[in-house]
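Novice: Sequence plus predicted model, see below.
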Amino acid sequence: MIRRAALDLGFSSVGFAPADPPAHRTAYLEWLRLGRHADMGWMAREDSVRRRLDPTEALPGCRTVVVVSLSYAPATSDPGRTTGDAVIARYALGRDYHDVFEEKLGVLVERIRALDPGAGCKLYVDYGPVLEREHAQRAGLGWIGKNTLLINPDLGSYLLLGEILTTFELAPDAPFLPDRCGTCSSCIEACPTDAIVSPRVLDARRCISWLTIENRGSIPLDLRSAIGNRVFGCDICQEVCPWNRDPPAGDSGALKLGRPVAPATLQAWAEELVGLDTEQFRTRYRGTALARPGREGLLRNLCVGLGNTGDVRAVPILERCAADESELVREHARWALSRLS
């Protein structure tokens, strides 16, 4: 009943995993010790680590982790972009997936409680203390690829994940054990910032997704040129993955926004943002993932992208950015102007 309900809600796959401590405990602790979580200090908090390493710490009496995926694979092959276009990670081209998952998972919680009114439930969408990809592998949804993402042999890796921790016991699915990456290392070789330091080990401090989204400070000078025209996130390690050559199209309707998520070009986007104050920015990007870096962070990213185009037509808007009230924006605008000069 729960499996059918999840699929009826539009999820691409669903599986049940036992609420056991993760097998990769030592690797996770070492990853934190080496500082590869960048400045995401919440990941290293004692209470957060404790809950990640034992689901029953997050939900006492937890017996089952329900894991669902939602595919956002493109309907057709990416036609490519010119250097003047603003590149956005595919998952961010519509509604904020957190909102979508919370709505759907909330309905699934109701289905669980219809079977057991006293069932304890907690839902998470990548912001909670859950090692979601390990639980997904245990639930049979795929394997963790060398790019650290979950890969499903039928759906590829353009997958968003959500979880429900529950005290309601469901028979667990068989874990997905084969490692189907084989000898392929395309993702490691393609990463322009060398963020994948070894198979299944990512250094967030070098990852374009962290640099352009979660990072609240300056982008390191030695990494700016490698970012190219990527303004929000990065799909490179997925674009080169053989398992993503021809995946079935995801449910575009689930993330449909109903309005253009952002201007298509770097210059047009910068011109829009430079004229917005903080409240106007929040109104414009409410309900989208693009709200995450804030006006300041997005303008920072756009300045880097404009500097990387080599197009001197960007000088006027960069000069406006160089006079912005934000020192972060001014710094990156000056860097871009120096590149174009």
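Specialist: Right, received. Where do you want to start? Numbering: from 1, shown residues only.
Novice: hey, let's count contacts and neighbours off CA atoms from now on
Specialist: Fine.
Novice: Asp126: neighbour count?
Specialist: Asp126 has 15 neighbouring residues, counting by other C-alpha atoms under 10 Å.
Novice: Now do the contacts for it.
Specialist: Glu132, Leu161, Gly162 (C-alpha atoms under 8 Å, 6 or more residues apart in numbering).
Novice: Neighbour-wise, which one of those leads?
Specialist: When neighbours are counted by other C-alpha under 10 Å, Gly162 leads the contacts of Asp126 with 27 neighbours.
Novice: Just confirm that one is within a helix.
Specialist: No - counting by DSSP: H, G, I helix; E, B strand; the rest coil, Gly162 is not found in a helix; it is strand.
Novice: how many neighbours does the residue nearest to Ala171 when sequence neighbours are not counted have?
Specialist: Ranked by C-alpha to C-alpha, 6 or more residues apart in numbering and with sequence neighbours excluded, the top spatial neighbour of Ala171 is Phe16, at 7.1 Å. Neighbour count of Phe16, defined by other C-alpha under 10 Å: 28.
Novice: Please apply the same query to Asp203.
Specialist: The local packing of Asp203 (other C-alpha under 10 Å) involves 19 other residues.
Novice: swap in Arg320?
Specialist: Arg320 has 15 neighbours, counted by other C-alpha under 10 Å.
Novice: Can you verify it is assigned to a helix?
Specialist: Yes - under three-state DSSP, Arg320 sits within a helix.
Novice: can you pull the contacts of it?
Specialist: Contact partners of Arg320, counting by C-alpha under 8 Å, 6+ apart, are Val274.
Novice: returning to that earlier point: just the contacts of Asp126 now: which is nearest Phe176?
Specialist: Glu132 (14.1 Å; C-alpha to C-alpha).
Novice: correct me, but the closest one touches Ile164?
Specialist: No - Glu132 lies out of contact with Ile164 (C-alpha atoms under 8 Å); the separation is 10.4 Å.
Novice: picking up where we left off before, I'd like to know which of the contacts of Asp126 is nearest to Val201.
Specialist: Looking across these and measuring by C-alpha to C-alpha, the closest to Val201 is Glu132, at 15.6 Å.
Novice: how far away is the closest one from Arg320?
Specialist: Glu132 sits 42 Å away from Arg320, going by C-alpha to C-alpha, to the nearest Å.
Novice: tell me the SS of Glu169?
Specialist: coil.
Novice: To what extent is it buried, counted in neighbours?
Specialist: Glu169, neighbours per other C-alpha under 10 Å, totals 16.
Novice: Isn't it up against Val65?
Specialist: No - using C-alpha under 8 Å, Glu169 is not in contact with Val65, being 9.1 Å away.
Novice: which other residues reach stretch 28-48?
Specialist: Where contact means C-alpha under 8 Å, 6+ apart, the residues beyond stretch 28-48 that reach it are Val49, Pro129, Val201, Leu202, Asp203, Ala204, Arg205, Glu214, Asn215.
Novice: So which residues of the protein form strands?
Specialist: Using DSSP state E, the strands found in the chain span residues 13-18, 64-71, 87-88, 121-124, 143-144, 150-151, 159-166, 196-198, 201-202, 230-232.
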